[in-house]
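Colleague: Fold the following and give me the result.
(chains A and B)
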2 protein chains.
Amino acid sequence: MTYCVAARLDAGLVFLSDSRTNAGVDQISVFRKMTVFERPGERVMVLMTSGNLAISQAVLHALVRQHEVGGETIWNAPDLFEATRCVGAAVREVYHREAPALHEQGVEFNVSLIFGGQIGNEGCRLFQVYAAGNFIEASQECPYFQIGEAKYGKPILDRVLRPDTSLDEAAKCALISMDSTLRSNISVGLPLDLLVYDTGALRVTHFASIDERNEYFRMIRGTWGERLRQVFAEIPDPLWTNPDDPGSLVPPSRVHQPLRVDPADAPAPDSYPNPQVLAQDPGKDQAN
Amino acid sequence: MTYCVAARLDAGLVFLSDSRTNAGVDQISVFRKMTVFERPGERVMVLMTSGNLAISQAVLHALVRQHEVGGETIWNAPDLFEATRCVGAAVREVYHREAPALHEQGVEFNVSLIFGGQIGNEGCRLFQVYAAGNFIEASQECPYFQIGEAKYGKPILDRVLRPDTSLDEAAKCALISMDSTLRSNISVGLPLDLLVYDTGALRVTHFASIDERNEYFRMIRGTWGERLRQVFAEIPDPLWTNPDDPGSLVPPSRVHQPLRVDPADAPAPDSYPNPQVLAQDPGKDQAN
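Modeller: Numbering: from 1, shown residues only, chains lettered A, B, ... in the order given. Below you'll find the model as predicted:
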């Protein structure tokens, strides 16, 4: 499995990827999933891949060799939309070559990519490319994309990321999102590749390869969990016992009842200790 | 979709379920997924279901009618393990009756259940029952089960729930877990059924049906997100600029480089503005 996340902010772009691949749980390796295409002063593009590793590597290979067949490549595309079409074309090329043989063996053509960067004077752009080679672009309303094991790390992104989030804050948010994922899915693993790009720089601004010895990531892992538990403790526990308090879980003047299956449907066993309490059953579904 | 979570703690049991079902996104209904089987003073059992709604309802129906064929039922089972076998038997009965017809139409036999409670003097027990009718029991190390859309809400459970967590704290934790899920997946929806059971009570201790007007849940939704953003802001941003600080993201005396694809592989386009910067490329993969 894999987890990659990228955000497009007013200030630039943030990319974060893990490096674990697995075939089952008994065959685990480290493969880096982030590749940088940079011609300093002219264009910076970052590709992250998820899915079948053989397909991901074949797509990267096809992309790198695209100039051999002539026509547009990511190196001469006039803008990032056109460059993303080149990525999509590489996916389709691999599909046509590989999918029939994979299909014969019941293997799905499974690949998903995030591609973003800046070309010349155009603003930063970020795309998610699907296995069919089609793609979507990040927007103000949806400033981030995830591929791979996305769900564990999504809530913190939804709560924190806005287009005006700073690059450092977005990098911190991505690392927390990764931490939640690492804790819940052993098929996502260190080291991480973290890349930050300042709008207009036209070269990689910051890059870090983060392993288990990285002090900043260790601080995030420790502090976030601890502070989360602290906030959790500070939120009041539910009040059950005071039906006159409008803040209690069961508001005044309402009786809540679960759906019940009446034991009277079943024959009472010999051991039934106290049959008369049945009559005290307050009823079924009154409040619903 | 569905999200249900239950925890078995030293103090008792907590169950929480949503009530949304959907066939695609254009056919959404409210169905409650928690059912209580209670004979006060003798046994309390709670069943939550996820998966194909027709199968869930058929399993519940089979379970309720089990006494008609004689033998053991959840009402006369001597302990919760045996009662869970009755639930598994109901799943298998429905499988044998329904699966061939579903299979013909390409519909998977998809159902997943959480079943827990207390019978007599035995302690509280909690089980997860699979579509094959087999099941596993919660333990000290893994005190909770989730069914349905489990991933968004798992990180907070992993960080907070311990066997000695109080029932009120566990209820709060389940509600926060549900909040994260509600925000990220529109196929999970209000109202919620929340049930709390005190060990030894042998009747339902607390029950609340929680809709969008519930003040406690509104407080949780508002406060949790707000405090999370506050904690997030308090955690230091990454330090990139001071390579002499051991707490910086890129530790001293190490150069981190991403995987790069060299633009020299590709023919330089006519528009290439500044070819000589290529020579300044610091190299590939030094640190890896």
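
Colleague: switch to C-alpha atoms for all contacts and neighbour counts from now on
Modeller: Noted.

Colleague: quick one: low-confidence parts of chain A?
Modeller: For chain A, applying pLDDT under 70 flags the ranges A:241-246, A:252-254, A:264-288.

Colleague: Quick check, central residue of it?
Modeller: A:A150 (2.9 Å; CA atoms, centre = their mean).

Colleague: Compute the number of surrounding residues for A:V30.
Modeller: 13 (other CA atoms under 10 Å in any protein chain shown).

Colleague: That one pairs with what?
Modeller: A:R20 (DSSP bridges).

Colleague: Excluding covalently adjacent residues, which one is nearest to the residue nearest to the centre of chain A?
Modeller: Among residues not flanking A:A150 along the chain, A:Y3 sits closest, at 6.4 Å (CA to CA, 6 or more residues apart in numbering or on different chains).

Colleague: who's in contact with that neighbour?
Modeller: By CA atoms under 8 Å, 6 or more residues apart in numbering or on different chains, the residues touching A:Y3 are A:S17, A:D18, A:S50, A:Q146, A:I147, A:G148, A:E149, A:A150, A:M178, A:T181, A:V188.

Colleague: In helices, which of these appear?
Modeller: A:M178, A:T181 (DSSP state H).

Colleague: which one of the contacts of A:Y3 is nearest chain B?
Modeller: A:T181 (8.0 Å; CA to the nearest CA).

Colleague: Verify the contact between that closest one and A:Y152 for me.
Modeller: Yes - A:T181 lies in contact with A:Y152 (CA atoms under 8 Å); the separation is 5.2 Å.

Colleague: which residues do those two both contact?
Modeller: Common neighbours of A:T181 and A:Y152 (CA under 8 Å, 6+ apart) are B:P155.

Colleague: Report the separation between A:V255 and B:F207.
Modeller: If you measure A:V255 against B:F207 using CA to CA, to the nearest Å, the figure is 9 Å.

Colleague: One more: A:L126?
Modeller: Distance from A:L126 to B:F207, by CA to CA: 47 Å.

Colleague: Quick check on these two: which one has the bigger neighbour count.
Modeller: A side-by-side neighbour count of A:L126 and B:F207, using other CA under 10 Å, places A:L126 first with 26 against 21.

Colleague: shouldn't the more buried one be in contact with A:F135?
Modeller: No - A:L126 lies out of contact with A:F135 (CA under 8 Å); the separation is 10.2 Å.

Colleague: Return the residues in contact with A:P143.
Modeller: A:P143 neighbours (CA under 8 Å, 6+ apart): A:A7, A:R8, A:L9, A:L161, A:R162, A:P163.

Colleague: So which of these is the closest to B:K33?
Modeller: A:L161 (33.5 Å; CA to CA).

Colleague: tell me the phi and psi of the spatially closest residue to that closest one that is not a sequence neighbour?
Modeller: Once flanking residues are discounted, A:L161 sits nearest to A:A170: 6.7 Å by CA to CA, 6+ apart. Here is the backbone geometry of A:A170 (degrees, to the nearest 10): phi -70, psi -40.

Colleague: how near is A:A170 to B:R213?
Modeller: 33 Å.

Colleague: cool, and A:L228?
Modeller: Distance of A:L228 to B:R213, computed by CA to CA: 26 Å.

Colleague: Settle it for me: which of these two has more neighbours?
Modeller: Set A:L228 next to B:R213 and count neighbours by other CA under 10 Å: A:L228 wins out with 19 against 10.

Colleague: doesn't B:Q230 make contact with the more buried one?
Modeller: No - using CA under 8 Å, A:L228 is not in contact with B:Q230, being 10.5 Å away.

Colleague: Just give me how far stretch A:38-55 sits from the chain centre.
Modeller: 18 Å (CA atoms, centre = their mean, to the nearest Å).

Colleague: all strands of chain A, in order?
Modeller: For chain A, applying DSSP state E gives strands covering A:3-9, A:12-17, A:20-22, A:28-30, A:34-39, A:43-51, A:111-119, A:125-129, A:135-137, A:144-148, A:192-198, A:206-210, A:259-261.

Colleague: can I get those strands in CSV with distance to B:R97?
Modeller: Below are those laid out as CSV (distance: least, CA to CA, whole Å):
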stretch, distance to B:R97
strand A:3-9, 41
strand A:12-17, 47
strand A:20-22, 38
strand A:28-30, 41
strand A:34-39, 50
strand A:43-51, 37
strand A:111-119, 38
strand A:125-129, 43
strand A:135-137, 44
strand A:144-148, 37
strand A:192-198, 50
strand A:206-210, 54
strand A:259-261, 23
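
Colleague: what residues are up against the closest residue to chain B within the stretch 1-150 of chain A?
Modeller: Nearest residue of the stretch 1-150 of chain A to chain B, counting by CA to the nearest CA: A:V36, 4.6 Å away. By CA under 8 Å, 6+ apart, the residues touching A:V36 are A:V44, A:M45, A:V46, A:L47, B:P258, B:L259, B:R260, B:V261.

Colleague: do A:S177 as well
Modeller: A:S177 neighbours (CA under 8 Å, 6+ apart): A:Y152, A:G153, A:K154, A:I156, A:L157.

Colleague: Of these - the most surrounded one?
Modeller: Counting neighbours by other CA under 10 Å, the top entry in those is A:G153, with 28 neighbours.

Colleague: Just give me the longest helix of chain A.
Modeller: Identified as the longest helix of chain A according to DSSP H is helix A:80-104.

Colleague: List the buried residues of that helix.
Modeller: Buried residues in helix A:80-104, counted by 16 or more other CA atoms under 10 Å in any protein chain shown: A:80-81, A:83-95, A:99.

Colleague: so which of those residues are also by chain B?
Modeller: Restricting the buried residues of helix A:80-104 to those within reach of chain B (CA under 8 Å from any CA of the partner chain) leaves nothing.

Colleague: returning to what we had before: write a PyMOL command that selects only the buried members of the contacts of A:Y3.
Modeller: A single PyMOL command selects the buried members of those (16+ other CA under 10 Å):
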select buried, chain A and resi 17+18+50+146+147+148+149+150+178+181+188
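
Colleague: for the contacts of A:Y3, which one is nearest B:L192?
Modeller: For the contacts of A:Y3, the closest approach to B:L192 (CA to CA) belongs to A:A150, at 25.1 Å.

Colleague: residues contacting that closest one?
Modeller: A:A150 makes contact with A:Y3, A:C4, A:T181, according to CA under 8 Å, 6+ apart.

Colleague: The longest helix of chain A to strand A:125-129, inter-axis angle?
Modeller: Comparing the axes of helix A:80-104 and strand A:125-129 via axes from the mean of the first three to the mean of the last three CA atoms, to 10 degrees yields an angle of 20 degrees.
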